[in-house]
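J.: Build me a model from this:
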Amino acid sequence: MIRAIAAAISFLTRIPLGRLRIDSLDVGRGSLFFPFVGAGIGAVVGLVAEGLTGLVGAFLAASVAVVFEAVLTGAIHFDALADAADGLGAWSRERALEVMRDPSIGTFGALALLLDVLAKVGAIASLTNGGNAVWPVLAAFALGRAAPLALGLALPYARPGSGSGRALTDGSLWARAGGLVLAAATAAVTVGWSALVLGAAAAGVVLLVGGMARLRLGGVTGDVLGAGTELATTGALLAAVAIA
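T.: Numbers count the residues shown, from 1 in each chain. Okay, the predicted model is just below:
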């Protein structure tokens, strides 16, 4: 259990865990706790936005909060979104997989990243102006971290051999399914019936990302899983603004 929790934290954040060795089996079991790690990240983001709004205004406070998220997570999902956008814009499956391995960012990736960050910052700023950003942000981040679990359950891994996302396509079925349940429960506890709307928005994004990945790649990669996480989180945040 300790290794599984540590695996979830190390997979989704850059929090140092000392010399504890984590393998793909631990990540697969740790997927159960992805929503809880997401909730923790969301709590930090929401608290930073709330705490700074009175000093610098809602938009700048939300911008700093997103910077905190990037530092806490190592910007892994932002990077994955950029790579996936570049790859899915390629003309063939082979070229798409090749592009996603390239560390440079192309036009599609830069544009996707820019639009996502603007939407996320704007949504958090709007929620902060509404008087309480912490709970909806926490719920959105918990639901977002369930996105790769759903994608991993629905689709195979698209690359031959090992990869960072294979633990979420070939790992523990019960851990991934349990993670989805815990994400829904976390959102329900924090935002009540609004969780249905946030969850529907996140699920819609997952369906869109999964459909594109299935059509273009025949499955998912680590970048697709990360992009799904990022876009599902932003989608849930926008849904929270819409019903606030």
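J.: if I read this right, Ala123 contacts Thr233, doesn't it?
T.: No: using C-beta atoms under 8 Å, Ala123 is not in contact with Thr233; the gap is 9.8 Å. Every C-beta, even on glycine, is put in place using the N, C-alpha and C of the backbone.
J.: Looking at the two, which one has more neighbours?
T.: Between Ala123 and Thr233, counting by other C-beta atoms under 10 Å, Thr233 is the more crowded of the two (30 against 26).
J.: who's in contact with that one?
T.: Shown in contact with Thr233 (C-beta atoms under 8 Å, 6 or more residues apart in numbering): 38, 77, 120, 140-141, 143-145, 147, 202.
J.: Please repeat the previous calculation with a cut-off of 6 Å.
T.: Contact analysis of Thr233 by C-beta atoms under 6 Å, 6 or more residues apart in numbering lists 140-141, 144.
J.: what comes up buried for whichever strand or helix holds Ala8?
T.: Assigning secondary structure by DSSP states H and E places Ala8 in helix 2-12. If you call a residue buried by 16 or more other C-beta atoms under 10 Å, then helix 2-12 has these buried ones: 3-12.
J.: what does stretch 208-221 give?
T.: Of the residues in stretch 208-221, those buried under the neighbour-count criterion (16+ other C-beta under 10 Å) are 209-210, 213-214, 216-217, 219-221.
J.: In a markdown table: those residues, plus distance to Asn129.
T.: Conversion of those to a markdown table gives the following (distance: C-beta to C-beta, whole Å):
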| residue | distance to Asn129 |
| --- | --- |
| Val209 | 29 |
| Gly210 | 33 |
| Ala213 | 35 |
| Arg214 | 39 |
| Arg216 | 38 |
| Leu217 | 40 |
| Gly219 | 41 |
| Val220 | 36 |
| Thr221 | 37 |
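J.: how about a markdown table for those, with pLDDT, secondary structure and distance to Leu72 added?
T.: Formatted as a markdown table, the buried residues of stretch 208-221 follow (pLDDT from 0 to 100; DSSP: H, G, I helix; E, B strand; the rest coil; distance: C-beta to C-beta, whole Å):
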| residue | pLDDT | secondary structure | distance to Leu72 |
| --- | --- | --- | --- |
| Val209 | 95 | helix | 23 |
| Gly210 | 95 | helix | 26 |
| Ala213 | 92 | helix | 26 |
| Arg214 | 93 | helix | 31 |
| Arg216 | 88 | helix | 31 |
| Leu217 | 90 | coil | 29 |
| Gly219 | 91 | coil | 29 |
| Val220 | 93 | strand | 24 |
| Thr221 | 92 | coil | 23 |
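J.: And these, which is closest to Phe34?
T.: Within the buried residues of stretch 208-221, distances to Phe34 taken as C-beta to C-beta reach their minimum at Val220, with 15.2 Å.
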